[in-house]
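Engineer: Below is the sequence, then the predicted model.
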Amino acid sequence: SISAGLLLPASAAVPTHIAVYASSVLAEQTTPSTLMLAPVDVSASVSTVAIADLDLDVGEIGGVVSWSPPTASGVSHYVVYMAQDTHGSNRSLVGSEQPFGTNLLDMPAESLWLPYLPVYTKSSLAEQTTPSLGSITDRSCSTNLTFEDLDLDANELGGQR
């Protein structure tokens, strides 16, 4: 009995069967040994991506990004971006890769706002090609402040609230 390993690239289509032909210096076997692969339908995506924006400036966000971990094994890291649309256009990395087991990431205050938060999982082989998406609502606070100066002297203020 001889064993061998087969490593497919991360971008390869998932095969349904594997055929193995034995060969010698004289010829190749005409009828292979075959193996049907059982489909594996495991989601390596995170879920429930969210952020509570604590930066009250218009066009800026800050707060804690959170997500629920995937059920699949093999995930080694999470990679969080902000993006212009659901396709990941103009994506910008938030912080650094987070190790598996970490489900929170601090987004610094005054980060420029983009409307989407794609979160990718990463294995030792490659980064996921289709992320889970969260959306970001830019919360802001503005005030309408007026003051009537009732002091009649130059360079002095006086009034009532």
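Structural biologist: Okay, I see it.
Engineer: use CA for all of it now, contacts and neighbours both
Structural biologist: OK.
Engineer: I'd guessed E148 sits against G159; true?
Structural biologist: Yes: counting by CA atoms under 8 Å, E148 touches G159, with 6.4 Å between them.
Engineer: What separation do you get for L37 and A44?
Structural biologist: 19 Å (CA to CA, to the nearest Å).
Engineer: of these two, who's got more company?
Structural biologist: A44 (20 against 11; other CA atoms under 10 Å).
Engineer: my read: that one touches T71, true?
Structural biologist: Yes: counting by CA under 8 Å, A44 touches T71, with 6.6 Å between them.
Engineer: Show me what the helix or strand G62 falls within packs onto, helices and strands only.
Structural biologist: Per DSSP states H and E: G62 is located in strand 60-68. Strand 60-68 sits against strand 47-51, strand 104-112, with contacts defined as 3 or more CA pairs under 8 Å, 6 or more residues apart in numbering; DSSP states H and E.
Engineer: give me every residue that touches the residue positioned nearest the centre of the chain.
Structural biologist: Nearest to the mean C-alpha position of the chain, counting by CA atoms, centre = their mean, stands V119 at 1.2 Å. For V119, the contact set (CA atoms under 8 Å, 6 or more residues apart in numbering) comprises 46, 49, 78-81, 131-134.
Engineer: Distance of it relative to R139?
Structural biologist: Counting by CA to CA - V119 and R139 are separated by 21 Å.
Engineer: can you give me the strands in this structure?
Structural biologist: 17-20, 33-36, 47-51, 60-68, 77-82, 92-93, 98-99, 104-112, 116-122, 132-135 (DSSP state E).
Engineer: circling back to that earlier point, averaged pLDDT, the strand holding G62. What do you get?
Structural biologist: For strand 60-68, mean pLDDT is 93.
Engineer: then it to CSV, C-alphas only?
Structural biologist: What follows is strand 60-68, C-alpha atoms only, in CSV (Å, rounded to 0.1, in the frame of the first residue of the first chain):
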residue,chain,number,x,y,z
GLU,A,60,-16.2,59.9,10.7
ILE,A,61,-16.8,56.7,12.7
GLY,A,62,-15.2,55.0,15.7
GLY,A,63,-16.2,52.2,18.1
VAL,A,64,-16.0,48.4,18.5
VAL,A,65,-16.6,46.1,15.5
SER,A,66,-18.0,42.7,16.5
TRP,A,67,-19.0,39.5,14.7
SER,A,68,-20.1,35.9,15.5
